[in-house]
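[1] Next one to model:
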Amino acid sequence: MERISQTLLRQREEPQVFENFEREKLHFEKQKFEVEHSLMLRETALKEAELKMLEQKHVAEQAEKKSVVLMAKRYGEAIRASVTPMGPDVLDVVAFFKHIEVIFDHYDVPSNLRAVLLQPYLNEKSRSVVVMIIWLCVM
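    Okay, here's the model as predicted:
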């Protein structure tokens, strides 16, 4: 009889043990899910921040490429080997401007940079004329 009562007692305890085990298992799974979810959220936030930094870097690089100073420097370096300074003779003026116009067209130099890039190659008389024109425009 005692054996039967012990067996009955075990049978009563087994469902409770099983229920406790299932509860603990569910609790563990819930904690695991929450940790994985928070980790995924952190990774997503990190990737978004990284993407934002890359976009900002790209925008800064594009702005730098489009800056007038940098563009003038790049175009100046590109045409440096092709342009010869203007000669002192009056007849050299036409040939010089035709030549420089072809070079500017070849390198697709923007019109707002052409005058700036042209000035180092002018002779002294031409520079003084440019200075006078600028002076007259300012007045």
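[2] State the helix or strand in which the residue nearest the centre of the chain lies.
    By C-alpha atoms, centre = their mean, the mean C-alpha position of the chain lies nearest to His58, the distance being 0.7 Å. For His58, the host element (DSSP states H and E) is helix 2-66.
[3] packing partners for that helix?
    Helices and strands touching helix 2-66, by 3 or more C-beta pairs under 8 Å, 6 or more residues apart in numbering; DSSP states H and E: there are none. (Glycine included, C-beta is placed from N, CA and C.)
[4] C-terminal to it, what's the next element?
    helix 68-80.
[5] for whichever helix or strand comes after that following helix, packing partners?
    Once helix 68-80 ends, the next helix or strand along the chain (criterion: DSSP H and E) is helix 92-106. Under the contact criterion of 3+ C-beta pairs under 8 Å, 6+ apart, helix 92-106 touches helix 111-118.
[6] Using the record's assignment, carve the chain into domains.
    According to automatic domain parsing, the chain comprises the domains 1-66, 68-138.
[7] which of those domains sits most buried?
    Looking across the domains of the chain with neighbours counted as mean count of other C-beta atoms under 10 Å, the highest average goes to domain 68-138: a mean of 13.
[8] Can you give me the first-to-last residue distance of that domain?
    22 Å (C-alpha to C-alpha, to the nearest Å).
[9] what residues are up against Glu55?
    Applying C-beta atoms under 8 Å, 6 or more residues apart in numbering, we find Glu55 in contact with no residue.
[10] who's in contact with the residue nearest to the centre of the chain?
    His58 makes contact with no residue under the criterion C-beta under 8 Å, 6+ apart.
[11] when you give positions from now on, start the count at 43
    In the new count, where the first residue is 43, that last one comes out as His100.
[12] circling back: any chance of the domains of the chain in TSV, plus mean pLDDT?
    Below are the domains of the chain laid out as TSV (pLDDT from 0 to 100):
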stretch	mean pLDDT
domain 43-108	81
domain 110-180	88
